[in-house]
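Okay, sequence plus prediction incoming.
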Amino acid sequence: MTRGATVEMLPDASRFDVDARLVAGALGLAGAAGLLVARVALNAGLAPGVAGSMDVFRLAATVGPALGALGIAATTGDPVERIGVAFVGVFGLLSVVPAATTAAVVAVVAGGSLAAAGRWRQVGRPVDWHMLPIVLLAGAVGVSLLGGIGVEPTTLRSIGSQLTLLGAAATPALLGHGRADWAFGGLAAAVLVAVGVTAPFVTGAVTLIGGGVVGASLLVLAVGLAGLTTTASAATRTRHWHALLGAGLVFAAGVPASMPRALAVVLGVLLLVEPRGGGSA
């Protein structure tokens, strides 16, 4: 028997829209994962030649999820989600212009929250504790982006890191999961703790550079990784590809203190909310 939120398939879901959401997630994940790998490889000294291409990786990590958001806006049948995700996509693309940074932050935070709320209502999920990971991750986007543009950066980036990791830890609430899924999550957490204890400097450097994590303890890191691993395991076991892409986006993005990271988290949240086999009605 599985535990967690019961997910129902939406009636009359169009095949075109299902594919559109999967393509959107794949675009976003490609950009976010590419930037993550480039950052870690560069700072580990494994690929010094990547330094000259970091602007390209950052651009791809911005454009990928922004285009994915616009794809969802073009295919969703829910007007609330359409408005919210359109703001995310349009202002995500505009964020590459320095003069539009502040406006983009406001639009992505407000639009992402509106889109998630609209999608939650559209798929028929109840307003209850299962919303916790969505609330935590949406809060992480808002707090972290404010810190990223210079508003109390030390304090807000630390708070954003905690919210991101706790939101990741709570993602199993969004889909059914079993004992094997929890076992994989526990194993991932145990490995992280073991590495963190034996090589704290390396662990801290990787989580800072790769995940943008600031001021989080090893325990909170482990709990966050356990939650995402449990979610990814359950999504793979049930062939819930939307949720698998969503978990991958949240993992690859890390703390959403920059626009590329924030766009990936917003897109990841929308895919995590998606029911298995569902699409826009």
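Received, thanks.

which regions of the stretch 1-150 of the chain sit below the pLDDT cut-off?
Applying pLDDT under 70 to the stretch 1-150 of the chain flags the ranges 1-18.

need the helices for it, in chain order.
Remark: helices assigned in the stretch 1-150 of the chain by DSSP state H, counting those that start in this stretch are 15-43, 54-75, 79-94, 101-122, 132-148.

Distance to Leu218 and mean neighbour count added to these, as CSV?
(Each C-beta comes from the backbone N, C-alpha and C, glycine too.) Converted to CSV, these look like this (distance: least, Cβ to Cβ, whole Å; neighbours: other Cβ atoms under 10 Å):
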stretch, distance to Leu218, mean neighbour count
helix 15-43, 18, 20
helix 54-75, 27, 22
helix 79-94, 33, 22
helix 101-122, 29, 21
helix 132-148, 19, 23
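
Quick one: closest of those helices to Ile209.
helix 15-43 (4.7 Å; Cβ to Cβ).

Work out the gap between the closest one and the centre of the chain.
Averaging C-alpha positions (Cα atoms, centre = their mean, to the nearest Å) puts helix 15-43 11 Å from its chain's average.

Repeat that for stretch 31-45.
Put simply, stretch 31-45 sits 17 Å off its chain's centre (Cα atoms, centre = their mean).

got it, and stretch 38-53?
Counting by Cα atoms, centre = their mean, stretch 38-53 is centred 23 Å from the centre of its parent chain.

re the thing from before, figure out which of the helices of the stretch 1-150 of the chain is closest to Val223.
The closest of the helices of the stretch 1-150 of the chain to Val223 is helix 132-148. By Cβ to Cβ, the value is 12.2 Å.

is it true that Ala257 touches Ser144?
Yes. Contact criterion Cβ atoms under 8 Å: Ala257 and Ser144 qualify, at 4.1 Å.

about what we covered before: just send the helices of the stretch 1-150 of the chain back as TSV, with distance to Leu272 too.
Shown next, in TSV, are the helices of the stretch 1-150 of the chain (distance: least, Cβ to Cβ, whole Å):
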stretch	distance to Leu272
helix 15-43	10
helix 54-75	13
helix 79-94	14
helix 101-122	9
helix 132-148	7
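
and of the ones you listed, who's closest to Gly215?
helix 132-148 (11.0 Å).

Now do the helix or strand hosting Val269, average pLDDT.
Element membership for Val269 (DSSP states H and E) is helix 259-273. Per-region confidence: helix 259-273 scores 95 on mean pLDDT.

quick revisit: of all the helices of the stretch 1-150 of the chain, which one is nearest Ala194?
The nearest among these, by Cβ to Cβ, is helix 15-43 at 19.4 Å.

which other helices and strands contact the closest one?
Helices and strands touching helix 15-43, by 3 or more Cβ pairs under 8 Å, 6 or more residues apart in numbering; DSSP states H and E, are helix 54-75, helix 200-211, helix 241-253, helix 259-273.

quick one, which of those helices is nearest to Ala190?
That would be helix 200-211 among the helices and strands packed on helix 15-43, by Cβ to Cβ, at 13.7 Å.

Report the backbone C-alpha coordinates of whichever helix or strand comes after that closest one in PDB.
Sequence-wise, the next helix or strand downstream of helix 200-211 (DSSP H and E) is helix 218-237. Output in PDB follows, covering the C-alpha atoms of helix 218-237 (Å, rounded to 0.1, in the frame of the first residue of the first chain):
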ATOM      1  CA  LEU A 218      24.200  19.100   7.100                       C
ATOM      2  CA  LEU A 219      21.000  17.600   8.700                       C
ATOM      3  CA  VAL A 220      18.700  20.000   6.800                       C
ATOM      4  CA  LEU A 221      20.600  19.200   3.600                       C
ATOM      5  CA  ALA A 222      20.200  15.500   4.200                       C
ATOM      6  CA  VAL A 223      16.500  15.900   4.900                       C
ATOM      7  CA  GLY A 224      16.000  17.900   1.700                       C
ATOM      8  CA  LEU A 225      17.900  15.300  -0.400                       C
ATOM      9  CA  ALA A 226      15.900  12.500   1.200                       C
ATOM     10  CA  GLY A 227      12.600  14.100   0.200                       C
ATOM     11  CA  LEU A 228      13.600  14.700  -3.400                       C
ATOM     12  CA  THR A 229      15.000  11.200  -3.700                       C
ATOM     13  CA  THR A 230      11.900   9.700  -2.300                       C
ATOM     14  CA  THR A 231       9.800  11.700  -4.700                       C
ATOM     15  CA  ALA A 232      12.000  10.800  -7.700                       C
ATOM     16  CA  SER A 233      11.800   7.100  -6.800                       C
ATOM     17  CA  ALA A 234       8.000   7.200  -6.400                       C
ATOM     18  CA  ALA A 235       7.700   9.100  -9.700                       C
ATOM     19  CA  THR A 236       9.900   6.600 -11.500                       C
ATOM     20  CA  ARG A 237       8.100   3.600 -10.000                       C
END
